[in-house]
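Peer 1: with the input below, show me the fold.
(one chain, ligands or ions: 3)
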Amino acid sequence: MSPAGEKPLVLIGLMATGKSTVGRRVAVRHGWRFVDTDAVIVDRHGSIAEIFAQRGESGFREVEAAVVAEVLSGADGNTVVSLGGGSVLHERTQELLSMALVAYLDADVATVLPRLEGDTGRPLLADGAGEVWARLDRERRPVYEALADLVIDTRDATIDDVVNRLEEQVHRLGPAEGKDHGNDR
Ligand SMILES: Nc1ncnc2c1ncn2[C@@H]1O[C@H](COP(=O)(O)OP(=O)(O)OP(=O)(O)O)[C@@H](O)[C@H]1O
Ligand SMILES: O=C(O)C1=C[C@@H](O)[C@@H](O)[C@H](O)C1
Ligand SMILES: [Mg+2]
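Peer 2: Ligands and ions are numbered 1, 2, ... in the order given. Okay, the predicted model is just below:
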């Protein structure tokens, strides 16, 4: 078990950069709890596409902010959280992230484009996935970088590569700042 006072590991970044996949894999490897805020929203309120259709993006953001605040408030050092890509734009979420170890999964459009083809689950990308993703990248990158304790380059990286890069960086921070990998359950 990790020592008390450790921070939860929180993954941030744009759509399709691997937050859900990588977060789950890291959590399973160490026996940590895994929470994906998009999945919590879907469990409680229905699909993200439906919420956008019924309440618009602003309605989705309200729901999302409440779920993210609840999840982050309840997250301890044995928890990995994958956040929805746009959730970090909310001020309260930004404040709550100060108590977490925040890892930004950095990608480029060439890396994610094949993953977006045929996708219907991400309503923001409905009108030209590549162009919208690239615009969101320009708009949000400064926010992600400002919040991040760690930046993981996911370009030319398999899922296992990303997991290993993330773990190396967390390990390098040491137990005082990060999660103590020598102390897994
Ligand atoms: N490094 C990688 N190499 C190849 N495929 C990947 C990689 N990382 C993730 N994927 C695949 O890309 C898709 C999107 O990954 P994932 O759902 O984890 O992204 P996400 O960041 O959680 O996206 P969202 O913000 O929309 O929830 C999945 O099918 C996943 O298997
Ligand atoms: O980047 C975004 O704004 C989003 C990312 C996804 O994780 C979902 O939360 C939703 O599709 C919106
Ligand atoms: Mg996800």
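Peer 1: how about the residues of this structure near ligand 3?
Peer 2: Residues of the chain lying near ligand 3 by CB under 5 Å from the ion: Lys19, Ser20. Backbone N, C-alpha and C define where each C-beta goes, glycine included.
Peer 1: just the helices in the chain please.
Peer 2: For the chain, the helices defined by DSSP state H occupy 19-30, 37-45, 48-73, 91-96, 109-116, 129-147, 159-177.
Peer 1: now do the longest one: distance to the chain's middle.
Peer 2: Taking CA atoms, centre = their mean, to the nearest Å, one finds the center of helix 48-73 at 15 Å from the center of the full chain.
Peer 1: the last one too?
Peer 2: Computed by CA atoms, centre = their mean, the separation of helix 159-177 from the middle of its chain amounts to 15 Å.
Peer 1: helices and strands around it, which ones?
Peer 2: Judged by 3 or more CB pairs under 8 Å, 6 or more residues apart in numbering; DSSP states H and E, the packing partners of helix 159-177 are helix 19-30, strand 101-106, strand 150-153.
Peer 1: and the last one, what's buried?
Peer 2: When you say that, I think you mean strand 150-153. Within strand 150-153, the residues scored as buried using 16 or more other CB atoms under 10 Å are Leu150, Val151, Ile152.
Peer 1: quick one: is it near ligand 1?
Peer 2: No. Legend: contact between strand 150-153 and ligand 1 by CB under 6 Å from any ligand atom is lacking; minimum distance shown is 10.1 Å.
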